[in-house]
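**Student:** Here's my sequence, what's the structure:
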Amino acid sequence: SIVFSIQIIVYTSIWMVFIIGNKGVDAIMYQQVEEYFKKFQEKYPRYQSEELSFFSFGNTEEMADELSGLVVKKIKTGTSSGYDLYKKEKEPLPKVGQLDVVLNGKNEPVCIIKNINVTILPFSEITEEHAWKEGEGDRTLAYWRKVHTDFFKHVYKEALNMAFTEEKLIVYEEFEVIFF
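**Tutor:** Residues are numbered from 1 along each chain as shown. Okay, here's the model as predicted:
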């Protein structure tokens with residue numbers, strides 16, 4: 001079978017998000033996502049020049065299903081990742097207008113999202129509004145801080161060999177669903 005190369009791994013929310021990057025992508029799954037994206041482009045010709053990118057939230061099938069479900073229901077409209085992780089991987093930062101196909105736990109496309117705002121700010125400056133938009137847990141800042149502190153401490157130690165502090169920069173993306 002054909003294996004496609006994945007270009008980057010971006011850490012977002014409390015879980016890893018895989019975007020066409022360092023793991024094999026089944027050719028059948030890729031074809032399914034590509035067909036989904038083409039249907040979107042046929043309906044919205046102004047996006048003909050957009051490149052296909054896709055990911056799933058979470059590090060398990062269940063988490064990918066749960067978080068993609070929150071996106072489809074428009075409960076989850078934001079996500080956060082560590083700025084230093086982009087620097088290490090020499091990957092471009094997310095940008096306003098960027099499109100992504102969101103996959104469920106079976107790597108099936110469920111929707112296309114478009115970034116409407118990208119903010120870089122210290123972890124300590126994340127607000128209740130940011131936490132609410134992430135749509136996870138009880139949607140409070142306290143919940144967000146707890147799970148993200150735990151997550152970033154682990155990721156920064158493992159991926160960057162550095163300590164995570166509240167002064168570290170966070171890339172916060174707000175998005176909207178533009179296609180089901």
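**Student:** Please make it C-alpha for all contacts and neighbour counts, starting now.
**Tutor:** Noted.
**Student:** chain center to stretch 30-50: distance?
**Tutor:** 19 Å (C-alpha atoms, centre = their mean, to the nearest Å).
**Student:** can you give me the helices in the protein?
**Tutor:** 27-43, 61-72, 83-89, 128-134, 141-155 (DSSP state H).
**Student:** Could you export these to CSV, including columns for mean pLDDT, mean neighbour count and distance to residue 161?
**Tutor:** Shown next, in CSV, are the helices of the chain (pLDDT from 0 to 100; neighbours: other C-alpha atoms under 10 Å; distance: least, C-alpha to C-alpha, whole Å):
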stretch, mean pLDDT, mean neighbour count, distance to residue 161
helix 27-43, 95, 16, 33
helix 61-72, 94, 19, 26
helix 83-89, 92, 15, 11
helix 128-134, 98, 19, 27
helix 141-155, 93, 17, 9
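**Student:** Those helices: which one's closest to residue 52?
**Tutor:** Taking C-alpha to C-alpha, helix 27-43 is the member of the helices of the chain nearest to residue 52, at 7.0 Å.
**Student:** Show me what the closest one is packed against.
**Tutor:** strand 109-122 (3 or more C-alpha pairs under 8 Å, 6 or more residues apart in numbering; DSSP states H and E).
**Student:** Would you enumerate the residues in contact with the closest residue to residue 62 other than its chain neighbours?
**Tutor:** Among residues not flanking residue 62 along the chain, residue 105 sits closest, at 6.2 Å (C-alpha to C-alpha, 6 or more residues apart in numbering). Listed by C-alpha atoms under 8 Å, 6 or more residues apart in numbering, the contact partners of residue 105 are 56, 60-65.
**Student:** next one: phi and psi at residue 105?
**Tutor:** phi -70, psi -20 (degrees, to the nearest 10).
**Student:** so residue 32 sits right up against residue 108, yeah?
**Tutor:** Yes - between residue 32 and residue 108 there is a contact under C-alpha atoms under 8 Å: 7.4 Å.
**Student:** List the contacts of the nearest residue in space to residue 54 that is not next to it in sequence.
**Tutor:** Nearest residue to residue 54 in three dimensions, chain neighbours excluded: residue 101, at 4.4 Å (C-alpha to C-alpha, 6+ apart). By C-alpha under 8 Å, 6+ apart, the contact set of residue 101 is 33, 37, 52-55, 109-113.
**Student:** On the pLDDT front, check the nearest residue to residue 162 once chain neighbours are set aside for me.
**Tutor:** In this structure, residue 162 finds its nearest non-sequential neighbour in residue 156, 5.6 Å apart by C-alpha to C-alpha, 6+ apart. Model confidence at residue 156, given as pLDDT, is 94.
**Student:** just checking, residue 156 touches residue 164?
**Tutor:** Yes - taking C-alpha under 8 Å as the definition, residue 156 is a contact partner of residue 164 at 5.9 Å.
**Student:** More neighbours: the two, which one.
**Tutor:** residue 164 (20 against 17; other C-alpha atoms under 10 Å).
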